[in-house]
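*Asks:* Could you look at this predicted model? Sequence included:
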Amino acid sequence: MNDQPFLHAFSNMSPATSHSSRAEDGSVMSGQVRKRFRRGAAQIPAPVRDSTAPPVQTVVASPVVTRYPATSPIRDEWDELRLVPMGVRRHFLSGAPLVNFFRRDPAAQAFDLLRTRLLQTLRANGWSRIAIAAPTQGCGSTFTAVNLAQSLARIPNSRTVLMDLNHRNPDIALTLGLDCIGDTRRFLAGEIPLDRHLMRASKTLALGLTADPDPDAAEILHNTRCGETLERMTEVLHPDVVLYDLPPILAYDDLVAFLPQVDGVLLVADGTQTLARHIAACEQMLDGQTQVLGVILNRARRSGLKEYQL
């Protein structure tokens, strides 16, 4: 509170008025009158308190103390996933065609271009969940899924999840040379927590691996708990892109059963075995159920490029 006006008014008072009291009409009272005034004030009886009235409680305001609470770090389950890095030497000895270890190869540039175009489409539509599958066996869907995931994971501060849902022929763990394989069936059924199944191959790439083939593969993906588990996974990990490697479309019904869980499908064709009628059959099966984001041509023959070019 600023006390300057009060001090200024006090200093302007004359000596006569500073030692004298004033009456109600503003006149200065003499000393005798002032004494009678004081005696009269002293003789005024104190107010009688009603004994039946509730006691008056005096509330003393507590001093306001401003404190800055200690900020606890936000738990991020992505960082809590176990880190299982891939062995570089093992990949070179096995000759695994992973573009992360062959950055000057034209295939690496092709996957980077695919990554950029895919991200543009996903961001424009608010999508993130992509299934990767081929019309028939041996077209290279796992090869495509692994290399596309690694290309996406090279983006700083990004998050990519690669899930092996090819229960007919799981191959991602073998391709990456990893031995720490979880139980996908129990994970999708909600029986295994997230951090016990998924792992991180790097700061930006998480993996969900499958160990052995399962004859009831389609039934696993039909289970309603499967969708609930994967929905929770995306809510907890906040990935930018989730890639699902699935069995051949024309050989099994796994992909069709899994369509409610994805935003689009990438088809992988093989230039040495995939025919135009195979692509047409896949597009017919997926028509009206999901988006076909593109057809990736693997082992392309120069004479057949125009046939499969998007």
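*Replies:* Happy to help now that I have it.

*Asks:* mind checking the SS state of the nearest residue to Thr234 once chain neighbours are set aside?
*Replies:* Setting aside the residues directly before and after it, Thr234 is nearest to Val242 in space (C-beta to C-beta, 6 or more residues apart in numbering), at 6.5 Å. Heads up, the C-betas are built off the backbone N, CA and C, glycines and all. What DSSP: H, G, I helix; E, B strand; the rest coil gives for Val242 is strand.

*Asks:* Report the beta-bridge partner residues of Val242.
*Replies:* Beta-bridge pairing for Val242 (DSSP bridges): Arg129, Val161.

*Asks:* list the contacts for it?
*Replies:* Ser128, Arg129, Ile130, Thr160, Val161, Leu162, Met163, Leu230, Met233, Thr234 (C-beta atoms under 8 Å, 6 or more residues apart in numbering).

*Asks:* Tabulate these (JSON lines), appending neighbour count.
*Replies:* Below are the contacts of Val242 laid out as JSON lines (neighbours: other C-beta atoms under 10 Å):
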{"residue": "Ser128", "neighbour count": "20"}
{"residue": "Arg129", "neighbour count": "20"}
{"residue": "Ile130", "neighbour count": "21"}
{"residue": "Thr160", "neighbour count": "25"}
{"residue": "Val161", "neighbour count": "26"}
{"residue": "Leu162", "neighbour count": "27"}
{"residue": "Met163", "neighbour count": "27"}
{"residue": "Leu230", "neighbour count": "23"}
{"residue": "Met233", "neighbour count": "21"}
{"residue": "Thr234", "neighbour count": "14"}
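
*Asks:* and the residues you listed as JSON lines, adding pLDDT?
*Replies:* Formatted as JSON lines, the contacts of Val242 follow (pLDDT from 0 to 100):
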{"residue": "Ser128", "pLDDT": "97"}
{"residue": "Arg129", "pLDDT": "98"}
{"residue": "Ile130", "pLDDT": "98"}
{"residue": "Thr160", "pLDDT": "97"}
{"residue": "Val161", "pLDDT": "98"}
{"residue": "Leu162", "pLDDT": "97"}
{"residue": "Met163", "pLDDT": "97"}
{"residue": "Leu230", "pLDDT": "97"}
{"residue": "Met233", "pLDDT": "97"}
{"residue": "Thr234", "pLDDT": "96"}
